[in-house]
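> Please find the sequence and the predicted model below.
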Amino acid sequence: MEIRLDQVSHQYDEVVVLKNICLSVPSGRITCIVGPSGCGKSTLLRFMGGLEQPTHGTLTQLGSPPDGCLNALTYIFQDFALLPWRTVEGNVGLVLEDHRLSSAQRASIIADVLARTNLSDFATALPKQLSGGMKQRVAIARALAVNPAVLLMDEPLSALDSQTRELLMDDLVSLWSRTPFTAVYVTHNLQEAVRLGHQIVVLSRRPGRIHEIVEVDQPLETRTMTDPDLQKKHDHLWGLMREEARAADAELVHG
Ligand SMILES: Nc1ncnc2c1ncn2[C@@H]1O[C@H](COP(=O)(O)OP(=O)(O)OP(=O)(O)O)[C@@H](O)[C@H]1O
């Protein structure tokens, strides 16, 4: 499924947060959104997830969700949002409970997503027994269980240390390479953006406008951070972001 945004603008009371966003989120690709603090990245993601409506402009969904889709627009958050009293399989199974599925179908979906996220051996563990990286793997497994049309990820790796982030990026790349999915990925981290994004949308400081859309053609599975082409993309993105970030920072400090 594809999402199109046409002339999307938004304000909270007097504060204009987003201005004239025109964007296509193509099917089967990962769209990263980067931009300085407070430029409206999470707000844009909430519009795409239908959690909020923009004050101006339209969002359109084109195409149909995949077969077996139980929740078309599914979020993965930074803080994992796991129920502490439920096991790994219990947390994943939670999102299947309101659907007409037999217990065999549920068990099969849970086994499949735990295998895809390398969590099969941890099915009966509780969240408190897991590292941060493992908890986020559970959140990814739970999101995959509903076979979403679009995966909406709001800084999913930013609570993790840098080595764990690397591992989780590898996991996302291998999940996508086996079965391409459509995703929108909000991040502050330009390395994550060049590693995972097929298109990288750079927003200006608030009110967020599209500064540039950077395409990265290289296949996800062949990308490494030592690759000079990717390093060039990274430096180009940082060049776009630096002045905006500095100005946004000054605005926060001086109110
Ligand atoms: N419900 C709300 N009511 C009023 N203002 C809001 C609301 N939600 C967000 N804002 C404001 O809108 C602006 C954009 O917020 P948003 O969280 O979308 O930015 P962001 O780019 O995701 O920021 P960050 O990178 O810091 O997470 C901020 O100034 C924020 O304070």
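Perfect, I can see it now. Keep in mind the model is a prediction, meaning the values are calculated, not measured.
> ok, Leu144 touching Val113?
Yes: Leu144 lies in contact with Val113 (C-beta atoms under 8 Å); the separation is 4.6 Å. Yep, even glycine has a C-beta here, placed from its N, CA and C like the rest.
> Enumerate the beta-bridge partners assigned to Val202.
Under DSSP bridges, the beta-bridge partners of Val202 are Val34, Glu212.
> Neighbours of Pro148, how many?
23 (other C-beta atoms under 10 Å).
> That one reaches Ile76, doesn't it?
No: here Pro148 lies out of contact with Ile76, judged by C-beta under 8 Å, at a distance of 9.7 Å.
> can you list the residues of the stretch 101-250 of the chain near the ligand?
188, 206 (C-beta under 6 Å from any ligand atom).
> biggest helix in the protein, by residue count?
Identified as the longest helix of the chain according to DSSP state H is helix 228-253.
> on contacts alone, who are the packing partners of it?
helix 190-196, strand 199-203, strand 210-215 (3 or more C-beta pairs under 8 Å, 6 or more residues apart in numbering; DSSP states H and E).
> Could you export those as CSV, including mean pLDDT and mean neighbour count?
Output for the helices and strands packed on helix 228-253, formatted as CSV (pLDDT from 0 to 100; neighbours: other C-beta atoms under 10 Å):
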stretch, mean pLDDT, mean neighbour count
helix 190-196, 96, 23
strand 199-203, 97, 24
strand 210-215, 96, 15
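> Out of those, which gets nearest to Val15?
Among these, the nearest to Val15 by C-beta to C-beta is strand 199-203 (15.5 Å).
> What residue in the stretch 51-200 of the chain comes nearest to the ligand?
For the stretch 51-200 of the chain, the residue closest to the ligand is His188, as judged by C-beta to the nearest ligand atom, at 6.0 Å.
> neighbours of that residue, just the number please.
Considering only other C-beta under 10 Å, His188 is surrounded by 15 other residues.
> closest one to Gly38 among the helices and strands packed on helix 228-253?
strand 199-203 (10.3 Å).
> can you give me the strands for the chain?
2-12, 15-25, 30-34, 56-62, 73-77, 150-154, 183-186, 199-203, 210-215 (DSSP state E).
> Just want the angle from the fifth one to strand 150-154.
Interaxial angle of strand 73-77 relative to strand 150-154 (axes from the mean of the first three to the mean of the last three C-alpha atoms, to 10 degrees): 20 degrees.
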